[in-house]
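> Sequence plus the predicted model coming up.
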2 protein chains.
Amino acid sequence: MELRQLRYFIKSAELLNFTEAAHSLYISQSTLSQQIKQLEDELGMPLFDRIGKRVRLTEAGSQFLPFARLTVSDAEGGRAVIDDLKGLKTGELRIGVTYGLSTLLTPVLVQFSAQYPEVKIIVEFGTSEDLLDKLKSTRVDFLLSFLELQDNDMFISQRLYESPLTLVVHPSNPVADKKSITIKDLKDIPLVLPAKGFHTRHFLNEALAQNNVQPNIKMELNDINTLLQLVETGNWCTIMTVAAAKGRQTLKTIPIKGLNIISQASITWPKESYRKKAAIVFTEMIKKQMK
Amino acid sequence: MELRQLRYFIKSAELLNFTEAAHSLYISQSTLSQQIKQLEDELGMPLFDRIGKRVRLTEAGSQFLPFARLTVSDAEGGRAVIDDLKGLKTGELRIGVTYGLSTLLTPVLVQFSAQYPEVKIIVEFGTSEDLLDKLKSTRVDFLLSFLELQDNDMFISQRLYESPLTLVVHPSNPVADKKSITIKDLKDIPLVLPAKGFHTRHFLNEALAQNNVQPNIKMELNDINTLLQLVETGNWCTIMTVAAAKGRQTLKTIPIKGLNIISQASITWPKESYRKKAAIVFTEMIKKQMK
DNA sequence: TTACATCCATTGATAAAACCGATTTAGAAA
DNA sequence: TTTCTAAATCGGTTTTATCAATGGATGTAA
C-alpha cells in the first residue's frame, strides 16, 4: 500500500470511471488498472465491482475510502507543516470561491500575493456543491461561499457578512429610475439569471414560488461575469447579492420589496485537517478587509 | 512522498540511528539513507541534523513526525477495516502485555485462537514504558498493563481489576508458615525482585523508602517466569501482584501489612485510530473471563 | 442483427527507481 | 596520530511503475 495507490483509488472512487480517472491523474488507463488491482490484491479484497463496462465501489471499497482520504490528507498536512516552517516562502494555497464573492476576493488576492509572492495561489471558482466536493477531498484549503451549513462532522464555518438579494440593472434600462420594486414586478422585467446550481437561484425559486410569481426569465447562464456583461447592455436585469454586483460601477442595484433573502457569506474549513499558515493569514486578510 | 518513506522516517526518528533503523526495517543502510534524502528533497527541508556521525531530528523533522505517524496509522486503519470485513477470517492482532498480566492473558489466548484460528496473534511482552512506546507507534493494537495513566490526548484506558502487591513464597521456605508479615519484616527476607522498569518496582521502592526499610534484595531480573522459578526453589521470596502469582499453584501468597499498593490492571487503547474487530472481541473476552 | 463505440483487463517492452554491496568521508574515540 | 564507526556516495542489479497496443466484454446506434 502506497500513497500513490491511495490517490489513484480515491480519484477512481470519485469518478467511478477508470479511463477518466487515469486521464485526470495524468497516467495511462492501464497503469491505473494495474495499480488498483495491486492494491486490491494486497488488501485481499476487491474495492470495485466491475459490472460490464461499469465500475462501482464494493462494500469494502466504500469502507476503505474514508481511510484512504484521511491517509492522503494527513500526508498533505505533513507537507503543509513543513511549508509553514519555511515562513510562507513556499507552498500552495488553494481557495474555493463562489462567483458571487469574487469582488471580496480580488483585493485580498492582490494584497496577499504582494506580501507573500512565493506562495502559489490557485483559485477555484464553482458552485457551492462543486466546491464542497472539492473541500471534502482536500482539493481546496478553504471555501468562500454563501453556503449556510450547520456545523457537522466534516466542516466548520465562520460567518463573514450578510448580503441581501437585489435587482441589478444598467442605467440605460427603463427600470433603472425606480427607487425600489416589488416581487410582483418581477414578472414583467426581462431577466438573465444565474443557472441552477447557484445558491441564488435556489433561494430565489423558493421565494418566487411562495409569492406565486412567474418571473420573465430570458436566459440562464453559469458564468457571473458574462451575465453581468449582458446586464450592462441594458437589455436585461438580473438578481444577485449586493456584494456580487458591487464590483461593477456602471451597474445599479435596486431593492426588491418583500424579497427577504439575505445570503450569509462565510468561510468554510474542513474540520479535522491541518490549517496551513497561508490559509489562516489569507482569511484574516479577508476579515480585516471587510471592516 | 510515499508510505514507505514515511515508515522509514518514523523508524529512523525513533532510533535516531540510520544503521539500526535500516536493520530493523530489513533494508540496507544505503537504501534508507537515500530514501530519507529523497523525502527531504521533496519536502524541501532536512528532517534530520547530521552532526558528525550522530543524527537528530530537526525542528521540521519533529513537526513532521506526528503527521507521518498519523498517515501510516490511518493507512493501517484502512487495512484493518478490510480485514474486519472478512469477518475475523484474516488479519493480525498485536497485543502488548506486561509480565504480571500473563496469567490473565493465557486462557483468553487459547479461547480466542480456538474461535478465530485465522487471526494471527502477536503477543509482545515488555515493561510498561516499552509497551506504551509500541502503542504510540501503533506496533500493538492495545495494551494489557498496570499502567495507571490519566486519560490524555493519545490514550484511553479501561479499568479491569485491582490487585494488591503481595509476598510470594514457596511452601518449603521458612516464611511460608506465617499468615501475614509487615513491611519491616522485609529487611530479613531474601528477595528476588523484578528489575527496574517494572511498575512493581517503581511503587515498591517508594513504599520502602517511605517506611525507611532496606530490603534484602539478592537478585533482580527482567523475566517474571524465571523469577518465579527461582522462588519455587524455596531459597528466595518475591513481591508482585496477587494476579501475577496466581498461575503458579505451587506458590503461596502472603499479605504484607502496611503495604498499601494496589495495582490497577487496565486495557489501554490509542485514542484516535481505528479499533479492529479482532481487538474488540479479544478485550471483551478478557472482561468476560474475569467474572 | 450487425457494426460501432466505450470501457476495463492484459500483454510485452521500456524507463524509472528501489535496492544492495563496496567504498568514501568525516566525526569520535583511543 | 591511528582506529573505529556511522552516514553518504557510487556503480550495478533487480524490481516495478509506466506506457502503447491489443483483446474482450458490454452497451448503443444503425
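Right, received. Where do you want to start? Residues are numbered from 1 along each chain as shown, chains lettered A, B, ... in the order given.
> For the lengthiest strand in chain A, what is the distance to the chain centroid?
Taking DSSP state E as the criterion, chain A has its longest strand at strand A:155-169. Offset of strand A:155-169 from its chain centre (CA atoms, centre = their mean, to the nearest Å): 14 Å.
> okay, it in PDB with CA atoms only?
What follows is strand A:155-169, C-alpha atoms only, in PDB (Å, rounded to 0.1, in the frame of the first residue of the first chain):
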ATOM      1  CA  PHE A 155     -16.900  21.200   8.100                       C
ATOM      2  CA  ILE A 156     -16.900  24.200  10.200                       C
ATOM      3  CA  SER A 157     -18.000  27.700   9.100                       C
ATOM      4  CA  GLN A 158     -17.100  31.200  10.100                       C
ATOM      5  CA  ARG A 159     -19.600  34.000   9.200                       C
ATOM      6  CA  LEU A 160     -18.400  36.900   7.200                       C
ATOM      7  CA  TYR A 161     -21.200  39.200   6.400                       C
ATOM      8  CA  GLU A 162     -24.800  39.300   5.100                       C
ATOM      9  CA  SER A 163     -25.800  40.500   1.700                       C
ATOM     10  CA  PRO A 164     -29.400  40.800   0.500                       C
ATOM     11  CA  LEU A 165     -30.600  39.700  -2.900                       C
ATOM     12  CA  THR A 166     -31.200  42.700  -5.100                       C
ATOM     13  CA  LEU A 167     -32.100  43.600  -8.700                       C
ATOM     14  CA  VAL A 168     -29.200  44.700 -10.800                       C
ATOM     15  CA  VAL A 169     -29.800  47.000 -13.800                       C
END
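> That strand: which residues count as buried?
By neighbour count with 16 or more other CB atoms under 10 Å in any protein chain shown, strand A:155-169 contains the buried residues A:155, A:157, A:160, A:163, A:165-169. Heads up, the C-betas are built off the backbone N, CA and C, glycines and all.
> what's the answer for stretch A:239-254, then?
A:239-245, A:248, A:251-254.
> quick revisit: can you give me the mean pLDDT across the longest strand of chain A?
Averaged across strand A:155-169, pLDDT comes to 90.
> And for stretch A:115-133?
83.
> Next, see if that stretch gets close to chain B.
No - using CB under 8 Å from any CB of the partner chain, we find that stretch A:115-133 stays clear of chain B, coming within 11.5 Å at best.
> ok, residues contacting that stretch?
A:88-99, A:102, A:105, A:109, A:112-113, A:134, A:139-140, A:143, A:145-147, A:155, A:197-199, A:222, A:268, A:278, A:281 (CB atoms under 8 Å, 6 or more residues apart in numbering or on different chains).
> Filter these down to just the buried residues.
A:88, A:90-91, A:93-99, A:102, A:105, A:109, A:112, A:134, A:140, A:143, A:145-147, A:155, A:198-199, A:268, A:278.
> Among the residues you listed, name the ones in strands.
A:93-97, A:143, A:145, A:155, A:268.
> can I get those in JSON lines with distance to DNA strand D?
Converted to JSON lines, these look like this (distance: CB to the nearest atom of the strand, whole Å):
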{"residue": "A:Leu93", "distance to DNA strand D": "26"}
{"residue": "A:Arg94", "distance to DNA strand D": "23"}
{"residue": "A:Ile95", "distance to DNA strand D": "28"}
{"residue": "A:Gly96", "distance to DNA strand D": "27"}
{"residue": "A:Val97", "distance to DNA strand D": "32"}
{"residue": "A:Leu143", "distance to DNA strand D": "30"}
{"residue": "A:Ser145", "distance to DNA strand D": "34"}
{"residue": "A:Phe155", "distance to DNA strand D": "32"}
{"residue": "A:Thr268", "distance to DNA strand D": "33"}
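> In CSV, list those along with distance to A:Ser180.
Putting those into CSV (distance: CB to CB, whole Å) gives the following:
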residue, distance to A:Ser180
A:Leu93, 41
A:Arg94, 40
A:Ile95, 35
A:Gly96, 34
A:Val97, 30
A:Leu143, 32
A:Ser145, 28
A:Phe155, 36
A:Thr268, 33
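> ok, which pair from those is furthest apart?
The span of these, defined through CB to CB, is set by A:Leu93 and A:Phe155 at 18.4 Å.
> related to what we said a few turns ago, pull out whichever of the buried ones among the contacts of stretch A:115-133 are also neighbours of chain B.
A:Thr90.
> helix/strand/coil for the residue in the stretch 1-150 of chain A positioned nearest to DNA strand C?
Proximity of the stretch 1-150 of chain A to DNA strand C (CB to the nearest atom of the strand) peaks at A:Ser30, 2.9 Å away. Three-state call for A:Ser30 (DSSP: H, G, I helix; E, B strand; the rest coil): helix.
> The contacts of stretch A:115-133 also near DNA strand C: which ones?
Of the residues in the contacts of stretch A:115-133, proximity to DNA strand C by CB under 7 Å from any atom of the strand holds for none.
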